[in-house]
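> return a 3D structure for these sequence lines:
(one chain, ligands or ions: 3)
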Amino acid sequence: MTQSDGAAVSPQTLGKPPIVWTIAGSDSGGGAGIQADLLTMRDLGGHGCSVITCITAQSSVAVDHVEAVSVKGMLAQLDTLWADLPPQAIKIGLLPGPAHIEALADWFAAHQAGLPPVILDPVLVASSGGMLNVCEASDQFDALLPYVEVITPNGDELAALTGMVIDSPAAVVAACQQLHQRGARAVLAKGGHFDHLHPGRCVDYFSSAALTTLFDGPRIATQHTHGSGCTLASALATVLAQGYVMEDALAVVRAYLHNGLMGAVALGAGPGPLARTGWPQRLDSFPTVPLPGSELARAYGLEASVQLPQQPFARCDVSALGIYPVVDSVEWVERLLALGVKTLQLRIKDKSPEAVSADIQRAIVLGHQHQARLFINDYWQLAIEHGAYGVHLGQEDMETADLAAIERAGLRLGLSTHGYYEILRAHALKPSYIALGHIFPTPTKEMPSAPQGLARLGRYVALVQPHCPAVAIGGIDVSRAYQVAQSGVGSIAVVRAVTQADDVAVALAQLQQAFESAPTLESVDAER
Ligand SMILES: Cc1ncc(COP(=O)(O)OP(=O)(O)O)c(N)n1
Ligand SMILES: Cc1ncsc1CCOP(=O)(O)O
Ligand SMILES: [Mg+2]
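Ligands and ions are numbered 1, 2, ... in the order given. Below you'll find the predicted structure:
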């Protein structure tokens, strides 16, 4: 089900925060555990419910006492919440022993049909150094793995869970593979403890059946990290509860951790808790995504079949690309150029290069004659051969197209993205623009991703546009152009709004009018 702006309907879009559970221990010092989880959930737009598994007498310098809540007490909390406040995501933190783990696994088995994503933070040690988890078997969490979407060990936990020495990127990969073999669907191996592998950096390795990737960023020089693991896992649960896909949620929580660590201060004599800084807004708090084939990615076995470009792509001659029709024939290109369109795309699908070569060449010549920005979709070799203004490519093309050749030839590059993670991937290439979509449902193209909606568009525009021109695409027509333009986006790409218009000139004028009458953000100030 979708709402009128195209985004999936979640409790949050109906005006209610999504419900997120934390099943964890109480930290009397307020920096970690249940206390950190509830603060994080609230800070990121969730409603936190707690299932307390144990109480700790804990401060920033010591764990003096750990006392388990009875298994019966834990199960009672689960049952009571399930009856009235069912969760959109669950975070698991400190579990005091095998009996609790077994009981929780049984409870999950009995409720498997309705279980939302479960995030398991395999807590073993507090940042004060105190042992929190009395279990010692490396397979202690395995009974939970069938119900868990992602497990989030830090370096010490990864070593303890696998019995491996984590002394190289290859060892990180091997340890994650071992966890997969034992039933873990996805592993986020957090890089906070891997200073010995990447001095001065924090490199997280994520692996699942669908995706293997890295998140890289500078290590934040602070000792105030109390509750960082709890915060990450509860942030991940809260962002997933809002319907973001895993890789987008990982990007957001990494930025949230960055900001929290940057703002962390001491409250007691030991490590202070993370600051609560709200939904991350700026690209410089987000991690970079090292692309396959980069030196860092290769260390983790992420190779690429093509070379990465060494330079940013040529910049567009304007910072805002305006109304941007996407059409499927040279005849349409000719017609739109005659109507004064200055940014457009030739998007011919599924033909051989031989079949489209002449049309692409003619469109490029026409584009130059009209001093227009004509982007060629997909056929990047022909675009280079005939000297196009630019090329538009999709995410999958990033793995196969010779991006270095496109950059060397001086062509502009536009890249499609469908969420935070892909924005970070695209940004790593310093393209000429980044397309954000699809904003609303569209019959024009079968989309594997969900419509992003206007709220997310606003977040993406604020993130991207200080660095690179942005383009919104998907399901945008005259009636929606004003709302889209209100996001501040500098360009709107359309197919049907132009190609199915009764009067193309009128449609173009109306789109332009909607765009011009909306308040805009400051113009793009490219930072390269
Ligand atoms: C401006 C703009 N944005 C996105 C797309 C989609 O491109 P891609 O992901 O390569 O998919 P196809 O268009 O090839 O189906 C686009 N063409 N233009
Ligand atoms: C090519 C493409 N890429 C993302 S949505 C889309 C189609 C947009 O078409 P329309 O403007 O008709 O919804
Ligand atoms: Mg394409």
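> where in this protein is pLDDT low?
1-14, 125-137, 520-528 (pLDDT under 70).
> can you pull the residues of it lying near ligand 3?
Asn377, Asp378, Gly394 (C-beta under 5 Å from the ion). Every C-beta, even on glycine, is put in place using the N, C-alpha and C of the backbone.
> let's see that with 6 Å instead.
Within the chain, the residues that sit near ligand 3 (C-beta under 6 Å from the ion) are Asn377, Asp378, Leu393, Gly394.
> the residue nearest to Ala383 when sequence neighbours are not counted: which element?
Counting by C-beta to C-beta, 6 or more residues apart in numbering, Ile376 is the residue found nearest to Ala383 once chain neighbours are left out, at 3.9 Å. Assessed by DSSP states H and E, Ile376 sits inside strand 373-377.
> just to revisit the earlier point, tell me which residues form a beta bridge with the residue nearest to Ala383?
Leu346, Val391 (DSSP bridges).
> so what's the residue count around it?
Neighbour count for Ile376, taken as other C-beta atoms under 10 Å: 27.
> buried sites along whichever strand or helix holds Ala297?
Here Ala297 sits within helix 295-299, counting by DSSP H and E. By 16 or more other C-beta atoms under 10 Å, the buried positions in helix 295-299 come out as Leu296, Ala297, Ala299.
> tell me the contacts of the last one?
This points to Ala299. Ala299 makes contact with Pro169, Ala170 under the criterion C-beta atoms under 8 Å, 6 or more residues apart in numbering.
> distance of it relative to Ile376?
Taking C-beta to C-beta, to the nearest Å as the measure, Ala299 falls 35 Å from Ile376.
> related to what we said a few turns ago, now do the helix or strand following the strand holding Ile376: everything it contacts.
Using DSSP H and E, the helix or strand that follows strand 373-377 towards the C-terminus is helix 380-385. Outside helix 380-385, the residues within contact range by C-beta under 8 Å, 6+ apart are 353, 356-357, 360-361, 364, 376, 390-391, 393, 397, 401-402, 405-406, 409, 411.
> now do helix 380-385: distance to the chain's middle.
31 Å (C-alpha atoms, centre = their mean, to the nearest Å).
> ok, stretch 230-242 next?
Counting by C-alpha atoms, centre = their mean, stretch 230-242 comes out at 13 Å from the chain centroid.
> Arg282 and ligand 2, how far apart?
Using C-beta to the nearest ligand atom, to the nearest Å, Arg282 is found at 26 Å from ligand 2.
> swap that for Gly268, please
According to C-beta to the nearest ligand atom, Gly268 and ligand 2 sit 51 Å apart.
> what segments of the stretch 251-400 of the chain are strands?
Remark: strands assigned in the stretch 251-400 of the chain by DSSP state E, counting those that start in this stretch are 322-327, 343-346, 373-377, 390-393.
> pull the CA atoms of the helix holding Ala297 into CSV?
Only the C-alpha atoms of helix 295-299 are listed here, as CSV (Å, rounded to 0.1, in the frame of the first residue of the first chain):
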residue,chain,number,x,y,z
GLU,A,295,42.5,-0.2,-2.9
LEU,A,296,40.4,-0.6,0.2
ALA,A,297,37.7,-2.7,-1.4
ARG,A,298,40.3,-5.0,-3.0
ALA,A,299,41.7,-5.7,0.5
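> how about whatever helix or strand Cys49 lives in: buried residues?
Assigned by DSSP H and E, Cys49 falls within strand 47-58. Neighbour counts over strand 47-58 (16+ other C-beta under 10 Å) mark His47, Gly48, Cys49, Ser50, Val51, Ile52, Thr53, Cys54, Ile55, Thr56, Gln58 as buried.
> what pairs with it, parallel or antiparallel?
Per DSSP bridges, strand 47-58 is paired in its sheet with strand 19-27 (parallel), strand 63-68 (antiparallel).
> for the shortest one, buried residues please.
Buried residues in strand 63-68, counting neighbours by 16+ other C-beta under 10 Å, are found at Val63, Val66, Ala68.
> measure the first one to ligand 1 for me?
Yep, that's Val63 we're talking about. On the measure of C-beta to the nearest ligand atom, Val63 and ligand 1 end up 51 Å apart.
> isn't that residue right up against Cys54?
No - applying C-beta atoms under 8 Å as the test, Val63 and Cys54 come out as separate, 11.0 Å apart.
> and Pro116, what is it in contact with?
Counted by C-beta under 8 Å, 6+ apart, Pro116 has contacts Pro87, Gln88, Ala89, Ile90, Leu240, Ala241.
> which SS class is it?
coil (DSSP: H, G, I helix; E, B strand; the rest coil).
> now it: phi and psi?
The phi and psi torsions at Pro116 (degrees, to the nearest 10) take the values phi -80, psi -180.
> one step back: tell me which of the buried residues of strand 47-58 is nearest to Asp502?
Of all the buried residues of strand 47-58, His47 has the smallest distance to Asp502: 47.6 Å, by C-beta to C-beta.
> tell me the contacts of the closest one?
Here His47 is in contact with Lys16, Pro17, Pro18, Ile19, Val20, Met41, Leu85 (criterion: C-beta under 8 Å, 6+ apart).
> need the max-distance pair from those.
Lys16 and Met41, at 13.6 Å, using C-beta to C-beta across the contacts of His47.
> neighbour-wise, which of these two wins?
Met41 (27 against 10).
> ok, which stretches of the stretch 151-300 of the chain are helices?
For the stretch 151-300 of the chain, helices defined by DSSP state H, counting those that start in this stretch occupy the ranges 155-162, 169-181, 228-241, 246-262, 295-299.
> out of those, which one sits most buried?
When those are scored by mean count of other C-beta atoms under 10 Å, the highest mean neighbour count falls to helix 228-241 (a mean of 29).
> from the chain's centre, how far out does it sit?
In terms of C-alpha atoms, centre = their mean, the centre of helix 228-241 is found 13 Å from the chain centre.
> then stretch 411-419?
The answer for stretch 411-419 is 16 Å, by C-alpha atoms, centre = their mean.
> what's the answer for stretch 314-327, then?
With C-alpha atoms, centre = their mean, you get 25 Å for stretch 314-327.
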